[in-house]
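> Pasting the sequence and the predicted model now:
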Amino acid sequence: MSVRVRLPALFADRIEGISTVEVRATTVADALRALTDRHAELTTLVWRGDGALNPLMVLFLNDRQLARPGLDETVHPGDQLEIIPAIEGG
């Protein structure tokens, strides 16, 4: 199944300005793994060292924010997954 992953500028800057990537996946986790398998430069932005999702990432599936953990959520052909880096204040 083809899912479109939309990337923020922080990610796109690391992969030559690419802002959307089509991946084959059946779950949100599969889509993120396919993304980072294809673009290893994004691995440290998406995943923590222990393999868990980076807690500073907010995920949207078809404009609906996913609750944590939303990685097991099923995706369908034509779905759009968007990654938004959470903003830390101080």
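Looks like it arrived, so ask away.
> what ranges do the strands span in the chain?
2-6, 20-24, 57-61, 64-65, 80-85 (DSSP state E).
> mind checking which of those strands is nearest E41?
Nearest to E41, of all the strands of the chain, is strand 20-24, at 12.0 Å by C-beta to C-beta. Just so you know, the C-beta spots here come from the backbone N, C-alpha and C atoms, and that holds for glycine as well.
> How far off centre is that closest one?
How far strand 20-24 lies from its chain's middle: 10 Å, per C-alpha atoms, centre = their mean, to the nearest Å.
> for it, packing partners?
Under the contact definition 3 or more C-beta pairs under 8 Å, 6 or more residues apart in numbering; DSSP states H and E, strand 20-24 sits against strand 2-6, helix 28-38.
> Output those in JSON lines; the columns should cover mean pLDDT and mean neighbour count.
What follows is the helices and strands packed on strand 20-24, written out as JSON lines (pLDDT from 0 to 100; neighbours: other C-beta atoms under 10 Å):
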{"stretch": "strand 2-6", "mean pLDDT": "96", "mean neighbour count": "19"}
{"stretch": "helix 28-38", "mean pLDDT": "97", "mean neighbour count": "19"}
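> and P85, which of these is closest to it?
The nearest among the helices and strands packed on strand 20-24, by C-beta to C-beta, is strand 2-6 at 12.6 Å.
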